[in-house]
Each structure stands twice: as structure tokens, then as C-alpha cells.
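Undergrad: Quick one, fold the following:
(2 chains)
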Amino acid sequence: MSAVTDLLQQVVEGLGSGAVYASLALALVLIHRFTGIVNFAQGELAMLSTYVAWQLVASGMPFWLALPVTLAVSFAGGMLVERIVIRPVQGAPELTVVIVTVGLFIFVNALAGLIWSFTVKDFPQPFPDGAIDLSGVRVDWSTLGIIGVVAVVMGLLYLLFQHTSIGLVMRAVACNPSSARLSGIRVGRVLMLGWGLAATVGAVSGVLVAPVLFLEPNMMGGVLIYAFAAATLGGFDSPVGAVVGGLFVGVAETLTGAYVDVIGADLKVGVPLVIILAVLLVRPQGLFGRAAVERA
Amino acid sequence: MRKTTALRAAAAATAALLTATACSSQRGQDAQDTAAGGACKGQQTTGITDKTIKLGGIYPLSGPASAYGTISKGVAAYFKYVNGKGGIDGRKVQFIVRDDGYQPPKAVEEARRLVEQEKVFAVFQTLGTPSTAAVWDYLNKQKVPQPFVATGASAWGTDDKHPWTVGWQPNYVAEARVYAKFLKDERHKAKVAVLYQNDDFGKDLLGGFKKAVAGSGIKVVAEESYEVTDPSVSAQMASLARSKANVLLDVTTPKFGSQALAADAKNTKWNPLHIVNNVSSSAAVLQPVGFKNVQGVVSATYFKDPADPHWADDPEMKTYTDALHKYAPDADPANQFNAYGWAVASSLHKALDTMKCPTREGLRDAVRNLKDVKVGMLLPGVTMSTGHDDAFPLETMQLMRFKGERWQLFGKPVDTRKEFGPLTK
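TA: Numbers count the residues shown, from 1 in each chain, chains lettered A, B, ... in the order given. This is a model prediction of the structure:
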């Protein structure tokens, strides 16, 4: 294998893990657009949704039926979480809400462990097994599948944000809840919708990655850190940014691990941290994000 | 002013009271501690009487490692079974289980509770290298035996500052030696790629392997590590595949074990002999990957697998299955962690039987003076031996290969102490 194919193979591996990060980053971006907060429990909610899908499939439901049911359950579940857990602290400082999501993270993780135990479960692979060979570079069908689905979700979110009235409404709510309420927007409903949609996108992410990562309660914990790096890099309010950021983080992580000897596999976990730090220092709004403007 | 005086008086009274209780409890403990007479005079008899013996175990009943928690059920079932037959040398075993959630600080808290409040005879067992390392200083300072810890770190046997702690299961270095011996015999020119967890466990096994193959034709051509916080090991597996090694040594914990086995199966261009370490050899790891994808994988073990029909007529296995049904109805006898619990509890029974004095000192000396002790649940040819310079009861393992839907033992049990000499630091 030549050095070039070698490099390309590493890039493909990086894109594969990057697509995983991007899928969760999309959910983070979505909820940030709707509610203005960063949801630390997003990964765990995605994991919980994946368990729902697993349970349905394990009890005999075909995968392609279990998937829409799971998405519906996740949508309802996300709205319920907003209503029960987040609504009581709505209006409190952002930090309070963030702390509540951290609590939710721990709770959901323990709950999944209690119900399904911490042993790994296999999750059905929706994409065909095997790989295609592009002049020496092996690309798994599952990698292509994940990238494809992520691209579709990204497109849908873009349309939602830019070309629908609900997109406008949620921007108003995220920007200034009080003014939005005064102009007749039902803020509570919009926030519930935001949590529901984010949980649905999260569920897609969980279902996509579970066949590769194997399902267990800590499945999304590691992914979340990289998803944060992806969203920070791309900008917390841009779906395109989240995907580009995710792919970049994945490739950067894989290449530094493989080619920079000092870093090696030991330190590659530090790559997302460096990215987060660098972006926050140089361009806090991210590559594709818009800087928050405050009226003086 | 008056207030201060009153406060002072109260403080003085409290202090006096505290001193009094402290003294009396001290006296009480002393009286209890040194009740042994005769040749055993002056030795500690806390937690042991002519009729009872009190043991305390700390296991992860909750949290990420809670799958191991069921070991305590196998242990408890064994003691209940023995109690039903009259106990150990006439003593009924009282076994107290505490949960540390696999968190070292909690393990310390629970160890203190077991020693200071429950006043156990010994802490049997602590599970996991982090929890065991967290409590061994305390237990040794308190002179409380910590026999047969449920971890394979080589630290327990090579250390000389903790005489009250002793390992049980074959340590990771011994396991590495078994694989090294296997490769020397069957693939003496093997090029080995290693995937390992970047912590004491992974480094212990990898270090042991490198030492064991040093000077032979076997070369480690690639090493990749992962952190337990990594989402997946697919990038590491891709790097290892580039090495073109013909053997993959897979030193992982369960989830990553599944990922590595799946990644290996998926990559049809690279087909190394896959050796998966014992920690990740359970059915819970292999089944999610699909049995058809793990055919021919090699590992090593030392006790009888309750799921293996080969042992269906084994008398010990029958006793075990019946006892589990009777005393631990919620535990699955086919789960090898329960069999592990049974094996280690019966090993402790054997050690207790050889105590010269029914004291903590007696147990400390007994577990370091085992000579070829047979235990029913261990594989034939695997026995416990220790000495004053050898705190590794088990150092023999047998290789197994995955075929069909289960592991099949092959070759002879490998006594790593005989093959490679005693393990030093």
C-alpha cells in the first residue's frame, strides 16, 4: 500500500468517525437554535432512544418499522423532558439550565444502566455489510450510509431554519423570549418543539452509530465531547457548520493520531479540546456561525 | 460571658464523654482482638468465633462495571451451600456485600465500614484494580486480610509492603506469557499487532508479553492504545491493519473488545490470528459481534465454563448449578461470573481449612502457604500454589479457541511459573 492510499485510508476512517460526531452535533445545534442553551444530556437522550429502538427490534419488530416508532417516541419524550425538567427553571440564568442538563445526563445514564444493564448489546446494521474499494482505499457501506443520512438531516435542518416560518419563530424565541411572547408567540410550545426535534435528530444519531460503537449506556459519552468540538468549530447555530466541523474533527483526530508521533493514539483525545480552545480564542462564533450582536 | 462559660462546660463535658467512650471502645476492641490463646496467643480474632466467621466483600453492584457484581452472588451461594452442610470447620459464614459502583473513594468508605463497624474477619473480595489499590494501604495498616482480590494486576503478587493482600486469578503477565508460549510453539516468526487499553491493565499485559517474547523470533510490529473515554477503536484498528501483522493481540475491556472483533471481521483484507484477552472473552462480548464473525479467535482461561456442555456431568458443576438454583435463584448459572464467584469462594474455603490458628494472622499465613491445592471449579491441571515469595495463587492457564457457539479448550494447561520462572517487578 502506497503512502498516498495510506493517507487516503486514514482520511476515510476520519470521515467515518467525523460523520458520527456530526450527527450528534446537529442535535446540539438544533436545540441551541431553539432554546439558546447547550444541552449536555443530548447524547444520553440519544442513547436512551437507541435503547428504545433496540427493545422494539428485540421484541420482534422489523427495523424499518421500529425506526419511525422510535423517532416518534423520542419526539414525544424530548417534549416531555422540556415540560417536566426544563420548564421549571426556564427564565433562570443559562448556567442553571446547563447544570440541569448535566443532572439529566447523569440520571438518564443511570436509568439506562438500571433497565438494560451495562453489558453491550448488538444493534442491527441498517446498511449492507462490506465495503467498496476505491483504488485501494476501503470505504465501508456503513460509513457512506452514515454520511448520507447526516447530509439529509443537515439539509432538512437548513430548510427548517431558513425557509419556514417556524424557523423564524424559533429564532425570535432563542433571541429574546420576552419580546417573542409579547408579540404573540407561544414560547413554551416553541421550546417543547425544539426539545422534541432535537431528541429526534439525536435518536437518528444514536441509531446510526450504535451498530459501529455497540450499544451500552456510555455509548454517547465519548461522542458528546467530539460533538461539542464539532459544533464549536462550525458554529453553534449552523447545521452546515456542525457537519463540516464534525468531519474536520474526525479527520484531524485520526491523522494526528496516525502521523504525529508525539501525539500518537494516546493523546488524540486531546485534539477536540485543542480545537475548542483555539476556536473560542480566535473566532468564538465558529466558522459558519454568526456573532451574537447586542444592542448597546 | 455566662454564655461562654456554659459553652465551655458543655464542650468539656462532651470531650470527657468522648474520651470515656473512646477508651471503653478501645478496651472492648483490645479484649476482642487478642482473645486467641495457646500458640496463637496475641493474634487477632476479630470477626471469628467457634461458631461464626464474618467476611465482607466490595463489588460494583451498580455503575458501568456492574456486570461483574454478580460474582458476589456466586460467592454468596457457595457460602450458603457450605453453611447448609455445617459451615467451614463448624463455623457458619456470614458474608456481607457492599457496593462501590467501581469507584475507588467509595471502596475506601465501604472498607472502613466493614472493618470498623461490621468488624469483619477479612475483606473478601475487592473487585477491580482501582478499587483494590485504593483500599490495600488501609487494610494492611489495620492488619486485615484481603485475600483473593478480583483483579489480575501483577502488583498484588510482586509487592512486599502489603503482606495482608494476595491475588487469586492468573495475573495479566501470566496470561501474556500463555499467549507468548502459544505463539512460540505454533508461530515462532509471528508479527504481532497489539491493541491495548491505555491503563495499568493494558500496560501490564503488553509489558508482560513483550518480555516473554524477547529474544525469540516473534516481533511486536505495531501498537495502538485507546482510552476508556474513546467512542470507538476503529481508527486504531485501521492503523494496526496497515502493519500487515499476522497476529492481533487484543487487550481490551468488553465494549472495546466487541468493537475490535467486529472491526477485524469487517476488514476482509487483513485476517490476522486474533487473540482476545480473557477479560473480553465472555459470551457477552462475542455474542453482539455475531458468533460467525469470531470463529477461530483464541483466548485463555483457568476455570470451568458453566455454559460449556463439556462440563455438564462434572460433579462440581452439578453441585454449583443446584446450589445456585437453590440459594441464588435470580442468578443465571450459565453466567461465568457466577462460576468465578463459586470458584474463588471455594478457594477461600480451602485456604481457611489450612489455617494453623483461627486468626487474621492465621489466614494471612495460610493464603501464602498453599501447595498444589485443587479446587473443583478450576480446570483440571490448574491448582493453587503460593509461597513466602510467591503471592500468585494461580499461574496456570489453558488456551481455548472459539468454534461454533462456544470456546473449546486445546493444548495442555500452561504453567507459566514453570515455563518462564517467577514473576518479578
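
Undergrad: In chain A, which residue is most central in space?
TA: Central residue of chain A (Cα atoms, centre = their mean): residue A:24, 1.1 Å from the mean position.

Undergrad: hang on, that one in a helix?
TA: Yes. Per DSSP: H, G, I helix; E, B strand; the rest coil, residue A:24 lies within a helix segment.

Undergrad: Could you point out which residue ranges in the chain have low pLDDT?
TA: The chain I'm using is chain A. For chain A, the stretches flagged by pLDDT under 70 are A:1, A:261-267, A:292-296.

Undergrad: Chain B was what I was after
TA: B:1-37, B:425.

Undergrad: tell me the domain ranges of it?
TA: B:41-170+B:302-394, B:172-301 (automatic domain parsing).

Undergrad: Nearest to chain A, out of the ones you listed?
TA: For the domains of chain B, proximity to chain A was assessed by Cβ to the nearest Cβ; domain B:172-301 is nearest, at 3.4 Å. Quick note: C-beta positions are derived from backbone N, CA and C, even for glycine.

Undergrad: what's the straight distance from one end of the closest one to the other?
TA: 12 Å (Cα to Cα, to the nearest Å).

Undergrad: returning to that earlier point: distance to chain A and mean neighbour count added to the domains of chain B, as a markdown table?
TA: Listed next are the domains of chain B as a markdown table, based on distance: least, Cβ to the nearest Cβ, whole Å; neighbours: other Cβ atoms under 10 Å in any protein chain shown:
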| stretch | distance to chain A | mean neighbour count |
| --- | --- | --- |
| domain B:41-170+B:302-394 | 5 | 20 |
| domain B:172-301 | 3 | 21 |
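
Undergrad: quick one: which of the ones you listed is nearest residue A:225?
TA: Closest of the domains of chain B to residue A:225 is domain B:172-301, at 7.6 Å (criterion: Cβ to Cβ).

Undergrad: now that closest one, how far from the chain's geometric center?
TA: 21 Å (Cα atoms, centre = their mean, to the nearest Å).

Undergrad: again, but for stretch A:270-289
TA: With Cα atoms, centre = their mean, you get 17 Å for stretch A:270-289.

Undergrad: what does stretch A:70-86 give?
TA: That offset, for stretch A:70-86, works out to 16 Å (Cα atoms, centre = their mean).

Undergrad: before we move on, the earlier item: quick one: the domains of chain B as CSV, columns for distance to residue A:106 too.
TA: Below are the domains of chain B laid out as CSV (distance: least, Cβ to Cβ, whole Å):
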stretch, distance to residue A:106
domain B:41-170+B:302-394, 11
domain B:172-301, 16
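
Undergrad: Helices along the stretch 1-150 of chain A, start to end?
TA: Here the stretch 1-150 of chain A has its helices, by DSSP state H, counting those that start in this stretch, at A:3-35, A:42-58, A:63-81, A:94-116, A:141-163.

Undergrad: I'd like to know which of the ones you listed lies nearest to chain B.
TA: Per Cβ to the nearest Cβ, nearest to chain B of the helices of the stretch 1-150 of chain A: helix A:3-35, 4.6 Å.

Undergrad: helices or strands next to the closest one in the packing?
TA: Contacts defined by 3 or more Cβ pairs under 8 Å, 6 or more residues apart in numbering or on different chains; DSSP states H and E place helix A:3-35 against helix A:42-58, strand A:137-140, helix A:141-163, helix A:165-175, helix A:187-213, helix A:219-234, helix A:239-259, helix B:234-242.

Undergrad: Within the sheet, what are the partner strands of the shortest one, with directions?
TA: Partner strands for strand A:137-140, per DSSP bridges, with pairing direction: strand A:131-134 (antiparallel).

Undergrad: which bits of the stretch 51-200 of chain A sit near chain B?
TA: Residues of the stretch 51-200 of chain A found near chain B (Cβ under 8 Å from any Cβ of the partner chain) are A:110, A:113, A:117-122, A:129-131, A:138, A:140.

Undergrad: for chain B, longest strand please?
TA: Longest among the strand segments of chain B by residue count, using DSSP state E, is strand B:406-415.

Undergrad: could I have that strand exported to PDB, CA atoms only?
TA: Extracted in PDB, the C-alpha atoms of strand B:406-415 (Å, rounded to 0.1, in the frame of the first residue of the first chain):
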ATOM      1  CA  ARG B 406     -18.600 -21.800  22.300                       C
ATOM      2  CA  TRP B 407     -15.000 -21.900  23.400                       C
ATOM      3  CA  GLN B 408     -13.100 -25.200  23.000                       C
ATOM      4  CA  LEU B 409     -10.100 -25.900  25.200                       C
ATOM      5  CA  PHE B 410      -7.000 -27.000  23.400                       C
ATOM      6  CA  GLY B 411      -3.400 -28.000  24.300                       C
ATOM      7  CA  LYS B 412      -2.200 -28.600  27.800                       C
ATOM      8  CA  PRO B 413      -2.500 -26.200  30.700                       C
ATOM      9  CA  VAL B 414       0.500 -23.900  30.600                       C
ATOM     10  CA  ASP B 415       2.200 -23.400  34.000                       C
END
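
Undergrad: And it, what's buried?
TA: Residues B:407, B:409, B:413-415 are the ones in strand B:406-415 that count as buried (16 or more other Cβ atoms under 10 Å in any protein chain shown).

Undergrad: Quick check: the gap between the closest residue to residue A:197 other than its chain neighbours and residue A:193.
TA: Leaving aside its sequence neighbours, residue A:197 sits nearest to residue A:30 (Cβ to Cβ, 6 or more residues apart in numbering or on different chains; 5.8 Å). Residue A:30 sits 10 Å away from residue A:193, going by Cβ to Cβ, to the nearest Å.
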